[in-house]
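Participant: Compute the structure for the input listed below.
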Amino acid sequence: MGRRHTLPASEFRSLSPEDAISVFEIEREAFISVSGECPLHLDEVRHFLTLCPELSLGWFEEGRLVAFIIGSLWDQERLNEDALTLHKPHGNFVHIHVLAVHRTFRQQGKGSILMWRYLQYLRCLPHVHRAVLMCEDFLVPFYQKSGFKVQGPCAITVGPLTFMEMFYLVQGHAFMRRNSGC
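Facilitator: Below is the predicted model of the structure:
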């Protein structure tokens, strides 16, 4: 009897432009219902997945995308409007644009697990010193549980929405340690 090809039950990998539509569908459903705005539009998702796919992480279960993070490099301590669309290849900060979980997989800790894996991965990148993000106030406790600290109110607003800026120090670069997994 021949072996059947089966997809891994659970897989983490960088995203590619081919994943853009699945990413956008999850993002749109997750954010439109809450704030009426998407952090990234479909063309921006494709843009970042083309320019810096290594700064994205997707969680797939049986081949289906269930959660993701998209980041890009940034070169300043604080975020500004340019950070929403630019990738600065020589930057030392990773701007996390979006973390989203498919609606049927929420409230299972997947967002926290994905963020932990992503931050561990960033420790393997010697040029990355800090992860930065902006979020609405109600999400601050979620990111604090992952080790992010509040930087203060963000200079960026989207319509009536205001955001808090947060950062995570990517310390003790794992690439310097043996058995780090990098």
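Participant: Quick check: residue 123 vs residue 169, distance?
Facilitator: 10 Å (Cβ to Cβ, to the nearest Å). Where C-beta positions appear, they are placed from N, C-alpha and C, glycine not excepted.
Participant: With residue 77 instead?
Facilitator: 12 Å.
Participant: go on, residue 158?
Facilitator: Residue 158 is 27 Å from residue 169, by Cβ to Cβ.
Participant: of those two, who's got more company?
Facilitator: More neighbours surround residue 158 than the other of residue 158 and residue 169, with 14 against 11 (other Cβ atoms under 10 Å).
Participant: Bridge partners for the one residue sitting closest to the centre of the chain, pull those for me.
Facilitator: Centroid-nearest residue in the chain, with Cα atoms, centre = their mean: residue 69, separated by 2.6 Å. On the basis of DSSP bridges, residue 69 is bridged to residue 57, residue 99.
Participant: okay but residue 46 is in contact with residue 20, surely?
Facilitator: Yes. Under the criterion of Cβ atoms under 8 Å, residue 46 makes contact with residue 20 at 4.6 Å.
Participant: how about the residue lying closest to residue 75 once chain neighbours are set aside, secondary structure?
Facilitator: Among residues not flanking residue 75 along the chain, residue 91 sits closest, at 3.7 Å (Cβ to Cβ, 6 or more residues apart in numbering). With DSSP: H, G, I helix; E, B strand; the rest coil as the basis, residue 91 sits in coil.
Participant: Show me which helix runs longest in this structure.
Facilitator: The residue-count maximum for a helix in the chain (DSSP state H) belongs to helix 20-35.
Participant: and the lowest-mean-pLDDT helix or strand in the chain, which residues are buried?
Facilitator: The weakest-scoring helix or strand in the chain, judged by mean pLDDT, DSSP states H and E, is helix 20-35 (a mean of 84). Neighbour counts over helix 20-35 (16 or more other Cβ atoms under 10 Å) mark 20, 22, 23, 24, 26, 27, 30, 31 as buried.
Participant: go on, stretch 140-158?
Facilitator: So, applying 16+ other Cβ under 10 Å, buried residues of stretch 140-158: 143, 146, 148, 151, 154, 156.
Participant: So which of the residues you listed belong to strands?
Facilitator: If you go by DSSP state E, the buried residues of stretch 140-158 have residue 151 in strands.
Participant: how about the buried residues of stretch 140-158, which pair is most distant?
Facilitator: For these, the maximum inter-member distance is 20.9 Å, found between 146 and 156 (Cβ to Cβ).
Participant: contacting residues for the spatially closest residue to residue 146 that is not a sequence neighbour?
Facilitator: Excluding the flanking residues, the one nearest residue 146 by Cβ to Cβ, 6+ apart is residue 115, at 4.6 Å. Going by Cβ atoms under 8 Å, 6 or more residues apart in numbering, residue 115 touches 69, 99, 143, 146.
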